[in-house]
Structure formats: structure tokens, C-alpha cells
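1. Sequence first, then the predicted structure, then my questions.
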Amino acid sequence: MDGMHDLGGKQGFGPVRVDDAVFHAPWEKRANALYSLAVKLGVFNMDEYRHAIERMEPRHYLSASYYERSLTSLATLCVEKGLIPLDELERRAGGAFPIALPSAAGRSNVAARERFLPGDVVQVVTDQVAGHVRMPAYVRGRVGVVVGESPAYPFPDAHAHGVDADDEPTYDVRFQATDLWPDADPALVHVGIFQSYLRRAA
Amino acid sequence: MAANPSATQASHRTTAPVERRVDALEAALHERGMEPAAFIAEFEHLAEEEWVPRNGARVVAKAWTDPAFRRRLFANGRDAVGELGIAMPRHHRHLVVLENTDRVHNVICCTLCSCTAFTVIGLPPGWYKDLEYRARVVRQSRAVLKEMGLDLPADVEIRVWDTTADTRYMVLPQQPAHTTGWPEEALVLLVTKDSMIGVARL
């Protein structure tokens, strides 16, 4: 989904606030631990976890701290999977417990996928995906060069939605920052891109 | 805490404080036999004692002093850090080590969330997870690095790596010239988390 989380290249943000702390309050570690426990116990996987963050109502996403987003994803998935009713969470918390908005449908791999080698020139597809996707919008339709290949991973567009799919490799693809944004600082920007999101450039 | 418009039927009620929401989830998981307290204690130990930048610092110092290890590290990062007893989560199937030189500077980010090789370089600092860094570093790499205290010469090529898949990256900083010949144990102490993310040089 073209969600609020897809921040790469968005303008209007101020300076990076140099804040080295990993955690700022004890509850943040507990929130992190609780979602890790749910993943470990197989309640949900990391793609479902990431997608439930992305599905947060945009104003909530932007105003929540990092670990509040983790907590919201955990609560959303526990409710959606029938593990804990929302009214129980709200009763225990003593107030409203905002969760993410419902998910759209997922999708399986693209049927015709191609193996690429370092040096191959590739184009990112122009797909619009309503569910989970790990293709940042800033590379949609863009042309780059393959510089590396990973082992096969679960395909996020399927794995976040319980849809069957083959694992597939990701490719580290190199783009010129100035091809992505004409006003960018000159640099090479590399993005890890799933095979289903790529085709050989014409 | 901002009220959240997605709070379903409870939107007329005040959102519970985030700490109370963590309490609610922990209690609900406890009641279902998932033993969250024990896992939280284990997680806190891992976060504070095990997932520390000293792990990555050991990798860097060994790569500076052992050419054969350095080659293995570039060939298969995951296996090479494993030689030093540093584990990576199962879903991090690939570790790519990015070599800084006089003319090339690498920097990592995750524009979609906060992915990092946290068992190697440590859990990501607050600023890495903030909206500002995620939005800006791919488009304004040189400006962001300068704001963060790294003013790179104009002839240094910047390579940004966006962690959009489950491949993980770490930067191999350059060894400071004056430390040539130092023992590995002394070199370990020089290496910072920021230098392995790539927002600092040593």
C-alpha cells in the first residue's frame, strides 16, 4: 500500500534529532519483548507485524512513538486473530485502545519471474498493491543495476496475508539518487527488491 | 496522547495511556499461558547485554587485522560473524558488509520501518527510527550526514543502502591511519555503532 509509512524521499521534515537512546522508558522494552514473544510463539510473522503498523490510521502513525507503533501492531494482530477481544484490552487498559485499520487482500508471486545477475539492468514494476508490499514508492517504475542477490525469502505481499507463495530472492539494485529525484544530493541509492517487483529493462 | 480517529466504537473515550496499554496486553497474554514476564526478562538481557555494538566492533577489528577473515566477511557476512560467535535471527538470511574507502562512503537506513542487523551492530538508535532520517537520508544524503557531523569531501561517493528486505547491511569503516599495527583488542574499542551505520567515520 502507498501508506504513510513509506517515507523515503518525502519532503518537509526538519533536521535529524540526534537521539542515541534505543529505549526511552521501561514500557518500550516490554512492548518490544511482547511482540517478539508473539512472533516466537507463531501468533504472527514479521511481515504481518510490519503490515499492521502500516495499516495504522495515518494521523495515529505519525503521532505515535516507535514503540507505540509496535504495541499497536501487536494489539491489532491479537484482536484480528481472535486471541484477545478488543473490549478485553480496553477494559484492562481503562480506556480506548486504538488498533490499525483492516487489511486489504494480499497477493502471490508474479507468475513470470526472472533470475538476474550482477550488472543486469532492471526496471521496477509499476504495480499498485493494496496490501503489504516492500517496494518503496520512490523506486516504482525506475531503472537500476543489480549489484547483489540474496537467498530466497518469504514473499511479503503473500506472507503478510496468509497467501501461499514461493520464497523468492531479493536483489540489491543500485539507482542514481538524481534519477529518483532531480534535486537529490548526488549519491548511489541501493534498495533490496524482491524478484516479483523487477523485470529486465527494455 | 493524541486521540485516534480509528479507535472504532471507543472513539468517544479517551485513549488509555500507552503504559496502561502495554500492561493490558501483558496481562492478557499472561492469562493465556504465554508467560510474558519470563520472556520480558530474557529480552531485556538480550537487548542490554547481547545485542551490543561491541559485536560489530569485534567484526570490524578482525577484518582490519586478518585479511583472510576480511575476504570471508565480504563473501558471506552471516557465516563470517558466526565464526566470532555472533548469531543473527533466522529471518536475517544474508549479511552484506559495505567497505568504506578514501573515495567511497556507505550509509544504511530503513525508509519503511527500522530494519537493522541489530544482533551485530546493536539495536538502532532513536534517530535511526525517526521520521526525519527515514525520509531524508535517501534524498539528501550529503546534507543529512553533514548535519549529523560528517562533512564528507566532495570527491567522496556516497552509497546509501535502504534495508527494504530481510538482507542486512553493516558498514566496515576505514581503519584510522594512526592505529596501524595496534592489537585487535585495542582496535575493538575504537569502533562505534554510528560508524557501522555510516553516519560517522573513525
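-> In hand now; what should we look at? All figures in this text were calculated on a predicted structure; none of them were measured in a lab.

2. Could you point out which residue ranges in chain B have low pLDDT?
-> Low-confidence segments of chain B (pLDDT under 70): B:1-12.

3. Map the structural domains onto the sequence of it.
-> Domain segmentation of chain B under automatic domain parsing yields B:8-48, B:52-197.

4. The ones you listed into a markdown table, with extra columns for distance to chain A and mean neighbour count?
-> Glycine gets a C-beta too; all of them are placed from N, C-alpha and C. Converted to a markdown table, those look like this (distance: least, Cβ to the nearest Cβ, whole Å; neighbours: other Cβ atoms under 10 Å in any protein chain shown):
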| stretch | distance to chain A | mean neighbour count |
| --- | --- | --- |
| domain B:8-48 | 3 | 17 |
| domain B:52-197 | 3 | 19 |
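
5. wait, which of these is closest to A:Pro156?
-> Of all the domains of chain B, domain B:52-197 sits nearest to A:Pro156, with 8.1 Å by Cβ to Cβ.

6. Endpoints of that closest one, how far apart?
-> 13 Å (Cα to Cα, to the nearest Å).

7. try stretch A:189-198
-> 16 Å.

8. Break chain A down into its domains, please.
-> A:1-99, A:121-200.

9. Just put those in TSV and tack on mean neighbour count.
-> Output for the domains of chain A, formatted as TSV (neighbours: other Cβ atoms under 10 Å in any protein chain shown):
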stretch	mean neighbour count
domain A:1-99	19
domain A:121-200	20
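
10. The longest strand along chain A: what's the following helix or strand?
-> As assigned by DSSP state E, the longest strand anywhere in chain A is strand A:143-153. Where DSSP states H and E defines the elements, the next helix or strand beyond strand A:143-153 is helix A:156-159.

11. so how far is that following helix off the chain centroid?
-> 10 Å (Cα atoms, centre = their mean, to the nearest Å).

12. Take that helix, keep the C-alpha atoms, and write them as PDB.
-> What follows is helix A:156-159, C-alpha atoms only, in PDB (Å, rounded to 0.1, in the frame of the first residue of the first chain):
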ATOM      1  CA  PRO A 156       6.000 -10.200   1.800                       C
ATOM      2  CA  ASP A 157       2.900  -9.500  -0.300                       C
ATOM      3  CA  ALA A 158       1.700 -13.000   0.500                       C
ATOM      4  CA  HIS A 159       3.400 -13.700   3.800                       C
END
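
13. So which other helices or strands are in contact with it?
-> helix A:46-54 (3 or more Cβ pairs under 8 Å, 6 or more residues apart in numbering or on different chains; DSSP states H and E).

14. how much does the helix it packs on deviate in direction from strand A:143-153?
-> Orientation of helix A:46-54 against strand A:143-153 (axes from the mean of the first three to the mean of the last three Cα atoms, to 10 degrees) gives an angle of 130 degrees.

15. Establish whether helix A:46-54 and chain B are in contact.
-> Yes. Against chain B, helix A:46-54 shows contacts by Cβ under 8 Å from any Cβ of the partner chain at A:Met46, A:Arg50, A:Ile53.

16. Sheet-wise, list the partners of the longest strand of chain A with their directions.
-> Strand A:143-153 has its sheet partners listed here by DSSP bridges as strand A:121-124 (antiparallel), strand A:168-176 (antiparallel).

17. ok, which stretches of chain B are helices?
-> Residue ranges of the helices in chain B, as given by DSSP state H, are B:18-31, B:36-45, B:53-65, B:67-75, B:77-83, B:118-121, B:126-129, B:131-136, B:141-147, B:184-188, B:193-197.

18. Check which helices and strands the fourth one sits against.
-> The elements that helix B:67-75 packs onto, with contact taken as 3+ Cβ pairs under 8 Å, 6+ apart, are helix B:53-65, helix B:77-83, strand B:94-99.

19. by contact count, what packs against the first one?
-> Yep, that's helix B:53-65 we're talking about. Partner elements for helix B:53-65 (3+ Cβ pairs under 8 Å, 6+ apart): helix B:67-75, helix B:77-83, helix B:118-121, strand B:167-172, helix B:184-188, helix B:193-197.

20. For stretch B:171-191, measure first residue to last.
-> By Cα to Cα, one end of stretch B:171-191 lies 11 Å from the other end.

21. go on, stretch A:57-66?
-> Length of stretch A:57-66, first residue to last, Cα to Cα: 15 Å.

22. what residues are up against residue 135?
-> By default, I'm working from chain A. A:Val124, A:Val125, A:Asp127, A:Val129, A:Ile193, A:Phe194, A:Tyr197, B:Thr164 (Cβ atoms under 8 Å, 6 or more residues apart in numbering or on different chains).

23. ah, no, chain B please
-> Residues in contact with B:Ala135 (Cβ under 8 Å, 6+ apart) are A:Leu7, A:Gly8, A:Gly9, A:Lys10, A:Gln11, A:Phe13, B:Thr111.

24. try it again with 10 Å
-> A:Asp6, A:Leu7, A:Gly8, A:Gly9, A:Lys10, A:Gln11, A:Gly12, A:Phe13, A:Val16, B:Cys109, B:Thr111, B:Val144 (Cβ atoms under 10 Å, 6 or more residues apart in numbering or on different chains).
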